[in-house]
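**Student:** Requesting a structural model of the entry that follows:
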Amino acid sequence: MKTNTKNTKIAVVGLGYVGLPLALLAERKGYKVVGLDINEEKINSLIKREPLADEEISKQLKASTIELTTDFKKTKDANIIIICVPTPVYDNHLPNLEPIENVCRSVGGGGLKRISLLFLSQL
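**Tutor:** Residues are numbered from 1 along each chain as shown. Okay, the predicted model is just below:
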């Protein structure tokens, strides 16, 4: 799928060690990006641009204009939604897909336009 960066909005759900660098990279490549996380403390810390363990990511975040929120309605206008949430493994070695299922129920506030959906997870 070919995209026009200026007219394409990417929502990255889950701003941990995979999602945040990915969101910042997408912004540097010219996409409009909204970063979401369910952890309000994390979002507030990122909004304040508080220092992170990774100095390079901290530097990129300080220079960023990325929109950071806990409001899943902000995904409604996204053309691309990238999900970067943990997929813990049960004792029987099967993945617990509940975090991904919860995100899928929450994106767009229940109503999405036509999008491309890409799952990234941490196993």
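
**Student:** For the rest of this, base every contact and every neighbour count on C-alpha atoms.
**Tutor:** Noted.

**Student:** okay but V12 is in contact with G19, surely?
**Tutor:** Yes: contact criterion C-alpha atoms under 8 Å: V12 and G19 qualify, at 6.3 Å.

**Student:** Pull up the overlap in contacts between those two.
**Tutor:** Residues touching both V12 and G19 by C-alpha atoms under 8 Å, 6 or more residues apart in numbering: 83-84.

**Student:** More neighbours: which of the two?
**Tutor:** The residue with more neighbours, out of V12 and G19, is V12; 29 against 22, by other C-alpha atoms under 10 Å.

**Student:** Name the SS class of that one, please.
**Tutor:** Three-state call for V12 (DSSP: H, G, I helix; E, B strand; the rest coil): strand.

**Student:** OK, contacts around the residue nearest to L68 when sequence neighbours are not counted?
**Tutor:** Take L68 and drop its neighbours on the chain: the residue closest to it by C-alpha to C-alpha, 6 or more residues apart in numbering is G35, 4.8 Å away. Contacts for G35 (C-alpha under 8 Å, 6+ apart) come out as 11-15, 20, 23, 66-69.

**Student:** residues in contact with N39?
**Tutor:** For N39, the contacting residues are T70, by C-alpha under 8 Å, 6+ apart.

**Student:** all helices of this protein, in order?
**Tutor:** In the chain, the helices defined using DSSP state H lie at 19-28, 40-47, 55-62, 98-106.

**Student:** Mind checking the pLDDT average for the second one?
**Tutor:** Right, the one you point to is helix 40-47. If you average the pLDDT over helix 40-47, you get 97.
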